[in-house]
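In: Could you look at this predicted model? Sequence included:
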Amino acid sequence: MKRLAVILGAALLSACSSAPTTYGPSMLVLPGTGKSFDQFRFDEHECRAHAQSQITKSGAEQDSAGSPQQRFDRAFMQCMYAKGHKVPLTGRGTDYIDSTQSATRSSAPPSAPPRNSPPPPPAGQPPAEAPPDYRPTK
């Protein structure tokens, strides 16, 4: 009995050490416009499987394509975007885009002016020494 427990324990430990690593997305993806939550969940499951299969490929291209997590994230975002869901535009997760709309900002309304915009140019004519492309056309 003791011998069986030792063999079973060794088999379990060896199985854990050889199990493949499973990755998950490191960014928030939102349901696309007009997509139900059930459709989102189905597509997310499908895209996770697709991304996992992309990082298990072997070859020299993997070395230059980034870490396994970066490759997973790229494949996952591409898949979710192709299915019409909102994916982040930047690493901050405040700007999202889906394939049916233009980019939207979740932290400010779309009509809000950008912060820290440059001031308008001064009134009047540019100086005579200004390059030709800065002079008004007649």
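Out: Done, it's in.
In: where's residue 29 relative to residue 67, distance?
Out: Between residue 29 and residue 67 the distance, using C-beta to C-beta, to the nearest Å, works out to 19 Å. Placement of C-beta: from N, CA and C, glycine included.
In: what about these two, which has more around it?
Out: In terms of neighbours (other C-beta atoms under 10 Å), residue 29 is the more surrounded of residue 29 and residue 67; the figures are 23 against 11.
In: show me the contacts for the closest residue to the more buried one other than its chain neighbours.
Out: The shortest distance from residue 29 to any residue that is not its chain neighbour, by C-beta to C-beta, 6 or more residues apart in numbering, is 4.9 Å, and that residue is residue 80. Residues near residue 80 by C-beta atoms under 8 Å, 6 or more residues apart in numbering: 29, 43-44, 47, 87.
In: how does it look with 10 Å?
Out: Neighbouring residues of residue 80 by C-beta atoms under 10 Å, 6 or more residues apart in numbering: 25, 27, 29-32, 40, 43-44, 46-48, 50-51, 86-87, 98-99.
In: where along this protein do the strands fall?
Out: Along the chain, the segments classed as strands by DSSP state E run 87-88, 95-97, 104-105.
In: Residue 7: which of those strands is closest?
Out: Taking C-beta to C-beta as the criterion, strand 87-88 is the member of those that comes nearest to residue 7, at 48.1 Å.
In: shaky segments in this structure?
Out: 4-6, 8-20, 58-64, 90-94, 100-115, 126, 130-138 (pLDDT under 70).
In: Show me the longest helix that occurs in it.
Out: In the chain, taking DSSP state H as the definition, the longest helix is helix 37-55.
In: Could I get the buried residue list for that helix?
Out: Using 16 or more other C-beta atoms under 10 Å as the burial criterion, the residues of helix 37-55 that qualify are 40, 43-44, 47-48, 50-52, 54-55.
In: Was I right to think residue 40 contacts residue 98?
Out: No: contact between residue 40 and residue 98 fails when scored by C-beta atoms under 10 Å: they sit 11.3 Å apart.
In: Okay then, goodbye and thanks.
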